[in-house]
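what follows is a predicted structure for the sequence shown.
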Amino acid sequence: MKSRTPLVVAIAAGTAAAAAMVAIAQPATAQPTTPAAAAAKASDSAKALVASKPSYLHASADDAFVQRPVIQSAGMNYVPYERQYKGLPVKGGDFVVMTDAAGAVKYTSVAQSSAISLATTPKITSAKGAAVAKALLKKVDTVEGTSLLVLANEGAAAKLAYETTVRGTSRTGRPSRLTVDVDAITGKVLNKTEHVTDVTGTGTGWINGSVSIDTTLSGSTYSMKSSTQATMQCQDAANNTTFSGTDNVWGNGTGTNKETGCVDALYVGEKQTAMLSAWLGRNGQNGSGGAWPIRVGLNDQNAYYDGTQVQIGKNTAGQWISSADVLGHELGHGIDDYTPGGISGAGTQEFVADTFGAATEWYINNPNDPPDYQVGEEVNLVGSGPIRYMYNPSLAGDDNCYSSSTPSDEVHAAAGPGNHFFYLLAQGTSGNGQPASTTCNSSTVTGVGIQNAIKIMYNAMLLKTSSSSYLKYRTWTLTAAKTLGAGDCTLFNATKAAWTAVSVPAQSADPTCTGGTTPPTTPPTTPPTTPPTGGRTGTNDTDVSIPDAGAAVYSNITISGASGSASSTSTIAVNIVHTYRGDLRVDLVAPDGTVYNLKATSGSDSADNVNTTYTKNLSSEVANGTWRLKVQDVYSQDTGYINSWTLTV
């Protein structure tokens, strides 16, 4: 199947247009005098751009576009769009237009890279689609609804799908709110998204001590609900009831007491709201002044956000874990969810949330929970200290450095390189009063401080699309740093150095910075590689079904016309659609029968799909011959198929 790589287009007035770029010459206009006027200018400019249907939007004659509210940050305006095809929503068709305060378009990030051509008549019923989705949970409590849409997954042809969200219990016994996309022609599961993402009254919390919290008075009854942000409230998870009382004094300092846990939670939530306003100019976690109820009482060593609430569990000592970094992290998932493109993907979601946890802790600066770059050090979740170390992720068994396998790692393990990047960006290699941090290339990085670091992250998130990844975050953060620098390259250079220090490679779309005068670069396609020569590459895009808990299946590529041996850095780009990738063992079989393992099975990796490029030393093999991708599903209940793979020897 044809690869559908994301496109990011930088646009500058007066810049010569290349085939993949459009230069927009816009007349000089007076700067708007109010934020509302600037937003209106941005909206009008984006509408004009979209109406012209530039080639990089890949618009078909059947496309329509829906503009979402303008988001403003640091003098720039971000205009998100969603796409429709023949009246159906396109999941993966989103894009963002960035303008300056005068409405001049500066940058556009687009998730889709080819026009859609698709019949929209389903061959299965919506009830069948919902039944397939329900079968993925051990127990279903609620079906939130089923709708027909077009799914434009990166790396796969667009498909007609039924999307159903089900709530209940996963097959591992955990709470689940799962969105499932089912092929409306074949009934195959195409995609699944788990929304449950782990980890002035007075009160006494067991973590933060005696603190002031904003509460609400109704009649003679106070409740643990912010008077200025009504959706920021703390409840008992047993009955979803907001804690209330007559004296406006809360908690007793005992960590096993739910009301005490709520003191810590409401305090942190309100402080994060203040941080978002003061540091980022954002109005609440959802961008519109709102948040989600925080519910203390989850009977698990865990905490999660699921799109409707934050649930707070307990440590092994029974103490509720609503610390600044843990709750800040979970609310950070909500911030991610409510910026363009939704929750970050390809192994980036947990590090993105960790950056908000760290920023919240540093903004609060409570002496009972001194700010640092450890995650969960105060709550001691399972009795072994922090669960992640941003300055040295390997202390918790995670990778410090990015590799091609990072996007397919378990999502919390995949946070390692991103956390390391953020620490280096904020504190530098010296640590600046925090622990020193080594780099993957023995370089020295000078930090810019956590306030600047979270500004760069947040403004990058405003360029986010649904095809987010580590490679795209590099480009987006560099673009954000250049914009925030306003002609000074200090933030840009630090951002670039921090990504390089954790081995995230340069992208063709990365901007450059020399005082703000360098024209934008060409859009990204794939990570830069040396083009194969002499017939040393091949692709097989014929679908091969993978039987559930069955025998191994094979997909072949024959290399001919190549001289000598294969490379010591041969690459195998694998695209497998599957509803539980931990079930899969993936191997490369050389022409002489030698087996090279690419991916082992994992009972805990419940994410869907394998979309990874592996690098292997195949120099002991002759390049020519028939190479085989071998895939076996070793556990029951989930299904999938080999979509495509490419071998470069």
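Looks like it came in fine.

partner strands of the host helix or strand of residue 556 and their direction?
Using DSSP states H and E, residue 556 sits within strand 553-559. Strand pairing for strand 553-559, determined by DSSP bridges: strand 625-633 (antiparallel).

could you list the domains of this protein?
Using automatic domain parsing, the domain parsing of the chain gives 1-117, 126-194, 201-370, 390-527, 537-648.

give me the phi and psi for the most far-flung residue of the chain relative to its centre.
Largest separation from the mean C-alpha position in the chain: residue 220, at 44.1 Å (Cα atoms, centre = their mean). Per-residue torsions, residue 220: phi -110, psi 10 (degrees, to the nearest 10).

what of residue 461?
When read as degrees, to the nearest 10, the backbone of residue 461 gives phi -60, psi -20.

the closest residue to it other than its chain neighbours and residue 325, how far apart?
Spatially, and ignoring its direct neighbours in sequence, residue 461 is nearest to residue 339 (4.5 Å; Cβ to Cβ, 6 or more residues apart in numbering). Where C-beta positions appear, they are placed from N, C-alpha and C, glycine not excepted. Residue 339 sits 20 Å away from residue 325, taking Cβ to Cβ, to the nearest Å as the criterion.

what sits closest to residue 172 if chain neighbours are left out?
Once flanking residues are discounted, residue 172 sits nearest to residue 606: 7.1 Å by Cβ to Cβ, 6+ apart.

when residue 339 and residue 325 are compared, which one has more neighbours?
Comparing residue 339 with residue 325 by other Cβ atoms under 10 Å, the one with more neighbours is residue 325, at 33 against 24.

was I right to think that one contacts residue 375?
Yes. With contact defined as Cβ atoms under 8 Å, residue 325 counts as touching residue 375 (5.2 Å).

tell me which element residue 108 is part of?
For residue 108, the element it lies in under DSSP H and E is strand 105-110.

report the distance from that strand to the chain centre.
19 Å (Cα atoms, centre = their mean, to the nearest Å).

could you pull up the mean pLDDT of the helix or strand just after that strand?
Heading C-terminal from strand 105-110, the first helix or strand you meet, by DSSP H and E, is helix 126-134. The average pLDDT within helix 126-134 is 95.

show residues contacting the following helix or strand past helix 126-134.
Heading C-terminal from helix 126-134, the first helix or strand you meet, by DSSP H and E, is strand 139-151. With Cβ atoms under 8 Å, 6 or more residues apart in numbering as the test, strand 139-151 has contacts from 85, 88-93, 116, 118, 120, 122, 126-127, 129-130, 133-134, 158-169, 181, 184, 190-191.

circling back to that earlier point, so which of the domains of the chain is nearest residue 379?
Closest of those to residue 379 is domain 201-370, at 4.0 Å (criterion: Cβ to Cβ).

the host helix or strand of residue 91 pairs with which strands, and in what direction?
Element membership of residue 91 [criterion: DSSP H and E] is strand 88-99. When pairing is defined by DSSP bridges, strand 88-99 lines up against strand 76-85 (antiparallel), strand 105-110 (antiparallel), strand 139-151 (parallel).

out of these, deepest packed?
strand 105-110 (a mean of 24; mean count of other Cβ atoms under 10 Å).

re the thing from before, want to try JSON lines for the domains of the chain, with distance to residue 384 as columns?
As requested, these are arranged in JSON lines below (distance: least, Cβ to Cβ, whole Å):
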{"stretch": "domain 1-117", "distance to residue 384": "38"}
{"stretch": "domain 126-194", "distance to residue 384": "21"}
{"stretch": "domain 201-370", "distance to residue 384": "9"}
{"stretch": "domain 390-527", "distance to residue 384": "9"}
{"stretch": "domain 537-648", "distance to residue 384": "17"}
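
who wins for proximity to residue 382 among these?
Residue 382 lies closest to domain 201-370 among those, at 5.5 Å (Cβ to Cβ).

how far does the closest one sit from its chain's centre?
Relative to the chain's own centre, domain 201-370 is displaced by 21 Å; criterion: Cα atoms, centre = their mean.

I'd guessed residue 584 sits against residue 576; true?
Yes. If you go by Cβ under 8 Å, residue 584 and residue 576 touch, sitting 6.8 Å apart.

residues near the closest residue to residue 117 other than its chain neighbours, how many?
Using Cβ to Cβ, 6+ apart and skipping the chain neighbours, the partner closest in space to residue 117 is residue 60 (6.6 Å). By other Cβ under 10 Å, 15 other residues sit near residue 60.

my read: residue 374 touches residue 386, true?
Yes. Residue 374 is within contact range of residue 386, at 4.0 Å (criterion: Cβ under 8 Å).

what helix or strand is residue 588 on?
With DSSP H and E as criterion, residue 588 is part of strand 584-589.

now the element after that strand, going C-ward?
Of the helices and strands lying after strand 584-589 in sequence (DSSP H and E), the nearest is strand 595-599.

centroid residue for the chain?
residue 344 (1.2 Å).

how close does it get to residue 639?
Per Cβ to Cβ, residue 344 is found 27 Å from residue 639.

next one: residue 404
26 Å.

who has more neighbours out of the two?
More crowded of residue 404 and residue 639, by other Cβ under 10 Å: residue 639, with 20 against 15.

thought the more buried one was touching residue 578?
Yes. Using Cβ under 8 Å, residue 639 makes contact with residue 578 at a distance of 7.2 Å.

mutual contacts of the two, please.
With Cβ under 8 Å, 6+ apart, residue 639 and residue 578 have common neighbours 546, 633.

would you mind writing the CA trace of the strand holding residue 556 as PDB?
Coordinates of each C-alpha in strand 553-559 appear next as PDB, following Å, rounded to 0.1, in the frame of the first residue of the first chain:
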ATOM      1  CA  VAL A 553       3.000 -16.400   8.300                       C
ATOM      2  CA  TYR A 554       5.500 -15.000   5.800                       C
ATOM      3  CA  SER A 555       5.800 -12.100   3.400                       C
ATOM      4  CA  ASN A 556       8.700 -12.300   0.900                       C
ATOM      5  CA  ILE A 557      10.900  -9.700  -0.800                       C
ATOM      6  CA  THR A 558      13.400 -10.800  -3.500                       C
ATOM      7  CA  ILE A 559      16.500  -8.600  -3.900                       C
END
